[in-house]
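A.B. asks: Structure of the sequence below:
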Amino acid sequence: MLDLDRLRSIELHAAPRGHKVVGTLLLGPNYNMPPRTRISVEGREHLPDEPVVLAMNHTDRYNYWPFQYWLWRHEKRFTATWVKGKYYENKWVGRFMEMTNNIPAPSKGYVMTRDFVNTMGRTPTSEEYAGLRELAGGAEVADGVLPEAIVTKPRDMLGRNYNPGSESYAECLAALLLEMNEVFLQLNETAFAKRLHLLIFPQGTRSIRLSKGRIGLVQAALRFKRGILPIGCNGSDKVYPGGSPWAKRGNIVYRVGELMRYESFSEYHLPDGVDPFDPNLAPEHRESMQALVDKVMLRINELLDPEYQFGDDEDSDGVQGAKRFV
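C.D. replies: Alright, predicted model coming up:
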C-alpha cells in the first residue's frame, strides 16, 4: 500500500531503466511484430525541448505506454507520470511503478479508503464513503453511517499515529495529507530538474469519452511555472480493451496540440505567496484554476475523434466512488 514511508522511498531517474526494459522486452516486439500495433503522432513539431506538463485523455489502462515508447524511440525523452495510490497495493505492481518513474498522488480519497480498509477489513460502501468525506470536512456524520471504530480506534493511519484523545479524525487526516503532499511536490520538482515531462491525466479516472478535468493538472503548472501541452489519444482502447498489457492489432493516433506556455495563461496566475496546492485555498482561486482546466480540456477535445469527445453531460463513464481508490 502507499503510506508515508513508501512515498518517501520513491526515486525518479532521468533515463529510467524500467522504461527501457519494458520498451525493449514488451512494447517493442508487441508494436513491431505481427499482429502489429501502429503508432502515429500528429503535431510532433509542438513537442518542446523544455520539460512541460503533458495533459492527455485516459481511455484505458495502458494508453500512455505507446506514447512513452514513441517518445523514447523518436525524441530520446522520458516522462514521470501521476498515478493513483491504489497501484501500490500489490507488492509487484508497486515495484513496477517505482521502476518506471511513476509518482503516486496522495489523494484524500485514497487515504480515507485505505485507512477504512485497514481498520474494518473491507471496502466502504457508497454511503460510508460519502460519510468519510463529510467527516474529513469536519462535519457531524449521522449515527449509523460509519462504523464507530473509524472515529474512536487509535491506529497508524498510513504513517501517522491517530490518537482520538488528542485530535479529531479530520485533523489527523489533514496533517497526514500535508506531510504526504510535501513529499509528492518534491518528487515533481525532481522530475522537472531531471528534464522529465510530467504526464497527467486530468480526468482523474479512465473514461472512453472525455470528461470534466480536475484541477491537479493546473496546480502543477502554476506551482512549477510550466507550460501545458494538450494531447489527444485515439484508438488505444481498441488495442488495449481489457487488463492485458499485450496490445492487439490496431492503430493508435496521438494528436499533439499547441503548447500553452506558462506566460500565455497569465490571467490565471495566482498572487505571489499563494500555493496552488494549499488545501485551504480560497474558493475564488479554485474557481480560477478550474476555469483553466476547462480550457485545457477543450483543447484536448479538439484533438479527439468524435467517439472520444465530450458526451452531452461531460460525465465520466469510468468507475466512481471508493472503487476509484482500491
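A.B. asks: mind listing the helices for the protein?
C.D. replies: Taking DSSP state H, the helices of the chain run over residues 4-8, 17-22, 28-32, 65-70, 91-99, 108-120, 126-136, 149-152, 169-193, 216-224, 236-239, 283-302.
A.B. asks: how deep is residue 173 tucked in, by neighbour count?
C.D. replies: As a burial measure, the neighbour count of residue 173 was computed by other CB atoms under 10 Å and equals 23. Every C-beta, even on glycine, is put in place using the N, C-alpha and C of the backbone.
A.B. asks: dump the residue contacts of it.
C.D. replies: Residue 173 is in contact with 108, 111, 112, 115, 136, 157, counting by CB atoms under 8 Å, 6 or more residues apart in numbering.
A.B. asks: would you turn those residues into CSV with distance to residue 95?
C.D. replies: Conversion of the contacts of residue 173 to CSV gives the following (distance: CB to CB, whole Å):
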residue, distance to residue 95
108, 25
111, 21
112, 25
115, 23
136, 30
157, 24
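A.B. asks: can I get those residues in TSV with neighbour count, pLDDT and distance to residue 207?
C.D. replies: Written out in TSV, the entries for the contacts of residue 173 read as follows (neighbours: other CB atoms under 10 Å; pLDDT from 0 to 100; distance: CB to CB, whole Å):
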residue	neighbour count	pLDDT	distance to residue 207
108	17	93	21
111	25	96	23
112	26	97	22
115	24	97	27
136	18	95	25
157	21	98	31
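A.B. asks: returning to what we had before: can you tell me which of the helices of the chain comes nearest to residue 251?
C.D. replies: Shortest separation from residue 251 across the helices of the chain is recorded for helix 236-239, at 8.0 Å, computed as CB to CB.
A.B. asks: buried residues in that closest one?
C.D. replies: Judged by neighbour count using 16 or more other CB atoms under 10 Å, the buried positions of helix 236-239 are 236, 237, 239.
A.B. asks: Could you single out the nearest of those residues to residue 31?
C.D. replies: Nearest to residue 31 among those is residue 239, at 9.5 Å by CB to CB.
A.B. asks: Least reliable of the helices of the chain by average pLDDT, please.
C.D. replies: The stretch with the lowest mean pLDDT among those is helix 28-32, which comes in at a mean of 89.
A.B. asks: who does it touch, helix- and strand-wise?
C.D. replies: Using 3 or more CB pairs under 8 Å, 6 or more residues apart in numbering; DSSP states H and E as the contact test, the elements touching helix 28-32 are strand 37-42, helix 65-70.
A.B. asks: Go ahead and confirm residue 87 touches residue 98.
C.D. replies: No - in this structure residue 87 lies outside contact range of residue 98 using CB atoms under 8 Å: 10.1 Å.
A.B. asks: circling back to that earlier point, turn the helices of the chain into CSV, columns for distance to residue 264.
C.D. replies: As requested, the helices of the chain are exported to CSV (distance: least, CB to CB, whole Å):
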stretch, distance to residue 264
helix 4-8, 33
helix 17-22, 30
helix 28-32, 34
helix 65-70, 23
helix 91-99, 33
helix 108-120, 31
helix 126-136, 35
helix 149-152, 46
helix 169-193, 19
helix 216-224, 11
helix 236-239, 29
helix 283-302, 11
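A.B. asks: Cool, thanks, talk later.
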